[in-house]
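**Student:** Can you look at this prediction? I've put the sequence above it.
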Amino acid sequence: MATTSLEGNPPLAPPKPGFFGRNRDTLLRTLIPVGVVIALILLWQAIITLNSIPQYILPGPLAVANSLYNDWGTLWPALWVTTQITMQALALALIGGVGIAIFLVQSKWIETAFYPITVILQVTPIVAIAPLILIYAPTTQVALLICAFLVAFFPILSNMVQGLKSVDHNLLNLFDLYGASRWQTLLYLKLPSSLPYFMTGLRIGGGLALIAAVVAEFAAGSAGAGSGLAFRLLESQYRLNIPRLFAALILLSMLGVVIFMITSFIAWLGLHRWHESSLKREN
Amino acid sequence: MTTSQAPLIPAPGDTRRRPLVVMRGVSKMFSSGTLALSDMSLTVEPGEFVSLLGPSGCGKSTALRIIAGLGDTTTGTIDWPSSRINSKGLPEGDISFVFQEPTLMPWQTVFGNVYLPLKLRGVSKSAARGEIMQTLTTVGLQDFAGAYPRELSGGMKMRVSIARALVTKPKLLLMDEPFAALDEITRQKLNDDVLRLWHETGITVIFVTHSVFESAYLSNRIVVMKARPGRVHADFPLVTSLSRDAHYRTSEDYRQACEKVSNMLLEAIGGEEH
């Protein structure tokens, strides 16, 4: 089917008919990475089997899958806790980051006064503050939330500040000319115009929120029913339950991938119709 | 020097009408200390098509922005004898501005961009729809209401910008080198469009340009400006009995107008050197 249009004038050939013809690109884009992952897993199992490596040193994919299935009762609540902390921290970081960015750009003086404080919060390694936060926060969950928030919040803030300040000056003049109020200028010009910057902040913040949630839990090292995947990971290590450690690790990276996909999808939804970053270049 | 403050062209039919805008002794000093505009006086009558022509740095864009209320004057006053004035000293909804770039919001469709001035006034979308579509029709973009700016050519973007300026039915249209970035063919077409809109609506236009040919083709009054400091060098009418169209471009009238404007401009530039 694909070869029928090769005769005549190939450069002007219309899109090839049929499902495979039309979706060939999409199919290949999905199949190739999936194939590579499968190949790597097979290779992993082969190395384990051929060298007869013991499970407590490096478990094979089968053992990990097994642990994933058998320990689901432990892993699932932990995954849920980590997901909740990450998402709550990200949501707070979005509200805080955008809100504070809007506040900072209101006047040069406000920015001069407060921006250094946000930078100090950012550059201080979060693991170093974690013990302090653990002392002051009422519960461990709140402490983890605060840590994850502090890390995720800064990229959103700094991108948003940049976006709000990068508004086309002629458009600002135009809004002035039509007597737009401060509120109208913010709502109809500054916010939509900084949307691409916001999306960048969202994608970075989403990834960082998960990392910070894990790091904070390592620092907290709390046990019990309310603990997340990071604690399960440590616990598995202490008990030399390496297959479960791998299972927890896989769940963490899956969570990261899902967050990445969601934030990318949101960015695509907001930008695909007008912004250059989401356009396919045609030439 | 033929600098003059008196209205040179009686508006057709009604000579008793009051001027639309009067600038008296307007100066503008930038914070860098540059005197961008020095003692400029200009009276624009309703229905005029005035071109501000001059070399770069002569303050023509500054003058236009000051008329629009973008930036304060250092000295001098601007009056709007025939308009209602709002709290900012600007005539209520009577002026529109077309920038050198189309200055469209990329996240809005053509419709959304033209809707903006009405939206800022609190007009609902459904109430504005008829007005917007009618304005888009006058610039020939009725079929592109749903398109995004990135999908349009440079000339079409400029038409959207013009439609946005016209949708509020202003008395005065200020244009700041609007077609400078366009190719010659598109530019001529848009010049004809602007002339047609001027005839149809009776709007007053102040048009900033550095093109002798463009100003001679479009305007019935030309203000030649001089640089360092920016000031008015000459102010004269361009009268022709011909209608300004493709024939006019090759007529003797047009040639003479170009020559006159060109000489005035040369004088303005030459006077600058000593």
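**Tutor:** Thanks, I have it.
**Student:** And the contacts of stretch A:113-128?
**Tutor:** Around stretch A:113-128, the neighbours that count as contacts under C-beta atoms under 8 Å, 6 or more residues apart in numbering or on different chains are A:100, A:103-104, A:147, A:150-151, A:154, A:157-158, A:161, A:212, A:215-216, A:218-219. Every residue, glycine included, has its C-beta placed from N, CA and C.
**Student:** Using PDB, list the CA coordinates for it.
**Tutor:** In PDB, the C-alpha atoms belonging to stretch A:113-128 read as follows (Å, rounded to 0.1, in the frame of the first residue of the first chain):
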ATOM      1  CA  ALA A 113      12.700  43.900  49.000                       C
ATOM      2  CA  PHE A 114      11.500  40.300  48.800                       C
ATOM      3  CA  TYR A 115      13.200  38.600  45.900                       C
ATOM      4  CA  PRO A 116      16.400  37.900  47.900                       C
ATOM      5  CA  ILE A 117      14.400  36.000  50.500                       C
ATOM      6  CA  THR A 118      13.000  33.700  47.900                       C
ATOM      7  CA  VAL A 119      16.500  33.100  46.500                       C
ATOM      8  CA  ILE A 120      17.800  32.300  50.000                       C
ATOM      9  CA  LEU A 121      15.000  29.800  50.400                       C
ATOM     10  CA  GLN A 122      15.900  28.200  47.100                       C
ATOM     11  CA  VAL A 123      19.600  27.900  47.300                       C
ATOM     12  CA  THR A 124      19.600  26.400  50.900                       C
ATOM     13  CA  PRO A 125      19.800  22.700  50.400                       C
ATOM     14  CA  ILE A 126      16.400  21.300  51.400                       C
ATOM     15  CA  VAL A 127      17.900  18.300  53.200                       C
ATOM     16  CA  ALA A 128      19.600  20.700  55.500                       C
END
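**Student:** Which helix or strand contains the residue of the stretch 51-200 of chain A found nearest chain B?
**Tutor:** Relative to chain B, the nearest point of the stretch 51-200 of chain A is A:Asn170 (4.2 Å; C-beta to the nearest C-beta). Here A:Asn170, judged by DSSP states H and E, is contained in helix A:169-177.
**Student:** I'd like to know which elements that helix is packed against.
**Tutor:** helix A:182-185, strand B:95-98 (3 or more C-beta pairs under 8 Å, 6 or more residues apart in numbering or on different chains; DSSP states H and E).
**Student:** Are the first one and chain B in contact anywhere?
**Tutor:** Looking back up the chat, that one is helix A:182-185. Yes - contact between helix A:182-185 and chain B is present through A:Gln184 (criterion: C-beta under 8 Å from any C-beta of the partner chain).
**Student:** which parts of the next helix or strand after that helix are buried?
**Tutor:** Counting by DSSP H and E, the next helix or strand C-terminal to helix A:182-185 is helix A:191-193. Neighbour-count burial for helix A:191-193, counted by 16 or more other C-beta atoms under 10 Å in any protein chain shown, picks out A:Leu191, A:Pro192, A:Ser193.
**Student:** What of stretch A:254-265?
**Tutor:** Within stretch A:254-265, the residues that qualify as buried are A:Leu255, A:Gly256, A:Ile259, A:Thr263, counting by 16+ other C-beta under 10 Å.
**Student:** Export these to TSV and append columns for secondary structure and distance to A:Leu269.
**Tutor:** As requested, the buried residues of stretch A:254-265 are exported to TSV (DSSP: H, G, I helix; E, B strand; the rest coil; distance: C-beta to C-beta, whole Å):
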residue	secondary structure	distance to A:Leu269
A:Leu255	helix	21
A:Gly256	helix	20
A:Ile259	helix	16
A:Thr263	helix	11
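**Student:** Can you name the residues in contact with the least confident helix or strand in chain B by mean pLDDT?
**Tutor:** Evaluated with mean pLDDT, DSSP states H and E, the helix-and-strand set of chain B has its lowest mean pLDDT in helix B:246-249, which scores a mean of 82. Residues outside helix B:246-249 that contact it (C-beta under 8 Å, 6+ apart): B:Tyr217, B:Thr240, B:Leu242, B:Tyr254.
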